[in-house]
Structure formats: structure tokens, C-alpha cells
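Visitor: With the input below, show me the fold.
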Amino acid sequence: MLKLNTIRAHIGATHKKKRLGRGSGSGHGPTAGKGDKGQLARSGGSVRPGFEGGQMPLYRRVPKRGFKNFARRSIAVLNLFDLEKLDQERFKEISLDILTEANEVKGRYDRLTILGTGELTRALHVKAHKISPSAQEKIVRAGGKIELIPIPGRAKGKPKAAQTS
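Guide: The predicted model follows:
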């Protein structure tokens, strides 16, 4: 009868561990299967990943395109029809903080832009960094208020260079 303690591996399924550098009787004697001399016989003797024996490597031959702007700003863009869909009781005031907190805007955004696609039927107090002229007109026509938040790090006017005479 077959029992767990009587199960054995098939012949040839397992191999003895290769004991390197344990004398000539082991079959892998003094040089431990590394041959004589050369880079691969040394300790630490290997090449870095991507090394092609001195040939110009692939990662340098292939042209590079574009770049990743580390100082990019992410902008949440909402249309008026998006604002119209929001719950009337919960959203009397619209701002990036309120929308993020209510999970209406998902992700990490620095700025809020309102565009004018759609119609607005109720009065809203909108706080945004940018509002398109058509959106501005429709919000005011619906009886709402607009508050433009200054974009962080941007001065109101450009500083004039000091004139020397």
C-alpha cells in the first residue's frame, strides 16, 4: 500500500549537490570548475547586466525620446455638466479640497479648472484656479459666485529689472 512515508523520487530525479573546491577527489577540485585564469576565474569576476563585451550596448544605441517633467502640475478639469450632477445639499460650495474630500475628484491634483460645457440650473459658489469665460458667464447667470484662487508660486506682475544709468 502506498503511504506518504514510502514515497521516493524516481531514479535520476534528484542530483547530488556540486561541492566546488573540495579537492581533486570531488571532481571539481582546485579551480572549482572555473578553468584557469581569466576574468571569470577571479572572485567577483563577472560583467554588469547589459554588458556586450565592449560592443556599444543596446541601451546606448537606441535613441532616447522625451523627458519626465519633475515640476509638472496636475490639473483637475471639470465641466459645468459635472457640477450639475453633484448633490445639491452637499455641494453648495465647489473647491478642489471639498471635491477631493468627497471623493468626487480622484487622484492628487494641485489645481482646479472649470470649463463651460453644459448648463447650470442652480447657484453655486465656485472656488477655482482657472475658469473659462463661458463657464464664468453661465455660473453668474445661474445666480452663483466665482472666486479665483491665485496659482501658488506665481506673482501678480512680473518684477521689473533694476535700471542702472
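
Visitor: right, and Thr31 touches Gly38 too?
Guide: No - look at Thr31 against Gly38 with C-beta atoms under 8 Å: they stay out of range, at 10.7 Å. Using the backbone N, CA and C atoms, a C-beta is placed for each residue, glycine as well.

Visitor: what about the two, which has more around it?
Guide: Counted by other C-beta atoms under 10 Å, Thr31 and Gly38 do not tie: Thr31 has more neighbours, with 12 against 9.

Visitor: Tell me which helix or strand that one sits in.
Guide: Using DSSP states H and E, Thr31 maps to neither a helix nor a strand.

Visitor: From Gly45, how far off is it?
Guide: 12 Å (C-beta to C-beta, to the nearest Å).

Visitor: mind listing what's buried in stretch 138-146?
Guide: Neighbour-count burial for stretch 138-146, with 16 or more other C-beta atoms under 10 Å as criterion, is recorded at Lys138, Ile139, Ala142, Gly144.

Visitor: List the ones among the residues you listed that fall in strands.
Guide: Within the buried residues of stretch 138-146, no residue falls in strands by DSSP state E.

Visitor: Looks to me like Leu83 is in a helix.
Guide: Yes - counting by DSSP: H, G, I helix; E, B strand; the rest coil, Leu83 is located in a helix.

Visitor: Can you pick out the most distant pair from the buried residues of stretch 138-146?
Guide: Distance extremes for those: the farthest pair is Lys138 and Gly144 at 8.7 Å, using C-beta to C-beta.

Visitor: Can you check which residues contact both of the two?
Guide: Leu120 (C-beta atoms under 8 Å, 6 or more residues apart in numbering).

Visitor: how many other residues sit next to Ala32?
Guide: Using other C-beta under 10 Å: Ala32 sits among 14 other residues.

Visitor: Arg19 is in contact with that one, correct?
Guide: No - the criterion here is C-beta under 8 Å, and Ala32 misses it with Arg19 at 9.3 Å.

Visitor: what residues are up against Val35?
Guide: For the record, residue 35 is Gly, not Val. Per C-beta under 8 Å, 6+ apart, neighbours of Gly35: Ala41.

Visitor: So it versus His28, what's the distance?
Guide: Taking C-beta to C-beta, one finds Gly35 at 12 Å from His28.

Visitor: Work out which residue lies at the spatial centre of the protein.
Guide: In the chain, the C-alpha nearest the mean C-alpha coordinate belongs to Lys68, at 10.4 Å (C-alpha atoms, centre = their mean).

Visitor: Just the pLDDT at that residue, thanks.
Guide: Note for Lys68: predicted pLDDT of 86.

Visitor: how much space between it and Asn79?
Guide: 29 Å.
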